[in-house]
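> From the sequence below, what's the structure:
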Amino acid sequence: MIIFNDLYNITESLDKSAESWVSNTIQEENLKEGNINYIFCDDAYLLDKNIKYLKHNTLTDIISFDYTMGKLISGDIFISVERVKENAITFKTAFKDELHRVMIHGVLHYCGYKDKTDADKKLMRSKEDYYLSLRDF
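Predicted coordinates for the structure are as follows:
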């Protein structure tokens with residue numbers, strides 16, 4: 001089950017189509033959908049999580065807590081809407097596109113993709129681009 005928890009009032013643009021898109025991504029990766037909670041928040045809220053749980057005193061666009069067990073994909077994905085907005089400007093892309101990229105990025109981590117090395121980053125970006133191309137909303 002995909003759940004959108006909106007602390008930033010943006011979910012009016014996220015509907016069943018977005019849920020289906022995330023679900024289809026998981027299925028295409030030959031995995032099973034568990035409980036995935038998206039929490040849309042601001043920088044201060046996510047910074048608090050970053051400091052408290054990861055001991056990082058930096059702003060970030062996404063933090064994901066992975067509860068995946070075997071092939072059952074589950075977790076909490078916290079997204080700073082403020083960071084996504086700023087990144088959209090920096091990367092010269094639409095806010096909606098950057099938001100979807102970050103959303104699918106979190107799920108891809110649960111699917112086993114990493115982004116620490118250059119090769120991992122290249123594969124992750126390729127997967128993001130592929131799944132973004134499958135959106136129909």
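> Toward the C-terminus, what is the element adjacent to the helix or strand encompassing Leu99?
According to DSSP states H and E, Leu99 maps onto helix 95-110. Downstream of helix 95-110, the next assigned helix or strand under DSSP H and E is helix 118-133.
> got the angle for that following helix vs helix 95-110?
120 degrees (axes from the mean of the first three to the mean of the last three CA atoms, to 10 degrees).
> Quick one: mean pLDDT for helix 118-133?
Averaged across helix 118-133, the pLDDT comes to 97.
> Spatially central residue in the protein, please.
Centroid-nearest residue in the chain: Met103, 2.5 Å away (criterion: CA atoms, centre = their mean).
> residues contacting that residue?
Applying CB atoms under 8 Å, 6 or more residues apart in numbering, we find Met103 in contact with Ala18, Val22, Tyr38, Ile77, Ile79. Where C-beta positions appear, they are placed from N, C-alpha and C, glycine not excepted.
> before we move on, what about Ile26?
Lys32, Glu33, Ile73, Val107, Cys111.
> redo that, cut-off 6 Å
Glu33, Ile73 (CB atoms under 6 Å, 6 or more residues apart in numbering).
> separation between it and Thr68?
Distance, Ile26 to Thr68, by CB to CB, to the nearest Å: 10 Å.
> cool, Trp21 as well?
19 Å.
> higher neighbour count, those two?
Trp21 (21 against 17; other CB atoms under 10 Å).
> what about the closest residue to the more buried one other than its chain neighbours, how many neighbours?
Spatial nearest neighbour of Trp21, chain neighbours left out: Arg135 (5.6 Å); criterion: CB to CB, 6 or more residues apart in numbering. Close neighbours of Arg135, defined as other CB under 10 Å, add up to 15.
> Ok, Val84 next?
Count around Val84 with other CB under 10 Å applied: 23.
> gap between it and Tyr67?
23 Å.
> And for Ser133, the neighbour number?
Should you count by other CB under 10 Å, Ser133 turns out to have 7 residues around it.
> which stretches of the protein form helices?
16-28, 43-54, 81-90, 95-110, 118-133 (DSSP state H).
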